[in-house]
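Student: Curious how this folds, go ahead:
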Amino acid sequence: MKMFKKIMAVALVGVMALSMLTGCAVTNAIIEDKAEKALESAWRTHDNTDVNFKSVNFTGEKAYKDAKESVNKGNTKVKEGVAQVFVQADGNYTVVVVAEPKSAKKVDSWKNLADKVLVAAGWENGVYLNGTNSKTAKVDIETGIKGKNFEDTNKDDTYTIFVFAKTKPAYDKK
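Tutor: Alright, predicted model coming up:
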């Protein structure tokens, strides 16, 4: 009976750990969705055009990996409320880094920042638009990236990395 209790205790710990990990993934998905909605709203305000930002996964691309590594090492630090282009060699992608807003789960927290992200990306110059009447752009929004605080490098901060398909070949990638 003692062995059974030990096994059940280990199983319970495993289930609790798994539920915590899933909770983080759900939170990131909510934040990414709110940022995406804010991008669509910012584009509509910019030139009265509806653009559907389609979520894709560009995390395997060198452009993303280089940006994430730079943020993790503290080489890229961005002041809150500012969007910064991450200069990288792959001309197929536009990468923008921002400090994650305090209430990142709310669309309103992303509204002003989304406009700054698109300005930093260069609007149509840095984001490939597919379609004529119904326009679509592809973006990978990765949240919860750990890095150093802009003003105090002894403190950590949380960043969001936007990776936009800049060219048709990047847009067409599956």
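
Student: so where's this protein uncertain?
Tutor: For the chain, applying pLDDT under 70 flags the ranges 1, 4-26, 174.

Student: quick one, strands of it?
Tutor: Secondary structure of the chain (DSSP state E): strands located at 51-55, 83-86, 93-99, 135-148, 156-165.

Student: So what touches the second one?
Tutor: What that stands for is strand 83-86. 63, 66-67, 70, 76, 78, 94-98, 113, 116-117, 119-121, 126, 161 (CB atoms under 8 Å, 6 or more residues apart in numbering). The way it works is simple: take the backbone N, C-alpha and C, and place the C-beta from them, glycine included.

Student: out of those residues, which are buried?
Tutor: Taking 16 or more other CB atoms under 10 Å as the criterion, what is buried in the contacts of strand 83-86 is 63, 66-67, 70, 76, 78, 94-98, 113, 116-117, 120-121, 126, 161.

Student: about what we covered before: of all the strands of the chain, which lies closest to residue 27?
Tutor: strand 135-148 (7.8 Å; CB to CB).

Student: Now do that closest one and strand 156-165, the angle between them.
Tutor: Put simply, strand 135-148 runs at 160 degrees to strand 156-165, going by axes from the mean of the first three to the mean of the last three CA atoms, to 10 degrees.

Student: Would you convert the strands of the chain into a markdown table that also reports distance to residue 172?
Tutor: Formatted as a markdown table, the strands of the chain follow (distance: least, CB to CB, whole Å):
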| stretch | distance to residue 172 |
| --- | --- |
| strand 51-55 | 12 |
| strand 83-86 | 23 |
| strand 93-99 | 13 |
| strand 135-148 | 9 |
| strand 156-165 | 8 |
